[in-house]
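1. pasting the structure only:
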């Protein structure tokens, strides 16, 4: 059985940086080869687009969006009532520490028993139950 992962904004954004970290390149290569089963919540893609648009412009954000859709087999998961309730409960509990996008992605990882791949720094002290996390360092600027 393949390992199931949920991608947060950070790892996807890093993949589209000028020089992606080797561990991010390896992660995406594993997805391309079918060695892992990657998921992303649809609202996460809005944040990815926004981050790339801010740092590199709308055209690069559109290109990155198209590239992700055509070159990396990532299942885009739409919000349903269960995921909304799970994310809402997490946001209520961690309202000052986590964004809505983080709560949605974490809820998806918990629900699907997947490893949450993120650059989020605030997770360590929270000890969220039933959450497996793989963290990546994020460069100061997307172009780095």
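-> Yes, it's here. As the structure is a computational prediction, the values presented were derived from the model and not from experiment.
2. Run through who's touching stretch 106-120.
-> For stretch 106-120, contacts defined as C-beta atoms under 8 Å, 6 or more residues apart in numbering pick out 3-11, 14, 27, 39, 41, 77, 82-83, 86-87, 90, 98, 102, 105, 128, 130-138. From N, CA and C alone the C-beta is placed, and that goes for glycine too.
3. Sitting in helices, which of those do you find?
-> Applying DSSP state H to these, the entries found in helices are 9-11, 14, 27, 82-83, 86-87, 90, 102, 105.
4. Please identify, among those, the one with the most neighbours.
-> Most neighbours among the ones in helices among the contacts of stretch 106-120, by other C-beta atoms under 10 Å: residue 105, with 30 neighbours.
5. Quick check: closest non-adjacent residue to it.
-> Spatial nearest neighbour of residue 105, excluding adjacent residues (C-beta to C-beta, 6 or more residues apart in numbering): residue 8 at 4.9 Å.
6. Residue 129 and residue 56, how far apart?
-> Distance of residue 129 to residue 56, computed by C-beta to C-beta, to the nearest Å: 37 Å.
7. of these two, who's got more company?
-> residue 56 (17 against 6).
8. separation between that one and residue 49?
-> Separation of residue 56 from residue 49 (C-beta to C-beta) stands at 11 Å.
9. distance of the residue nearest to residue 105 from residue 37?
-> 16 Å.
10. Repeat that for residue 9.
-> Distance from residue 9 to residue 37, by C-beta to C-beta: 19 Å.
11. beta partners of the nearest residue to residue 31 once chain neighbours are set aside?
-> Computed as C-beta to C-beta, 6+ apart, the closest residue to residue 31 that is not its neighbour in sequence is residue 38, at 4.5 Å. In this entry, residue 38 is beta-bridged to residue 5, residue 74, by DSSP bridges.
12. any idea how far residue 29 is from residue 38?
-> Residue 38 sits 11 Å away from residue 29, taking C-beta to C-beta as the criterion.
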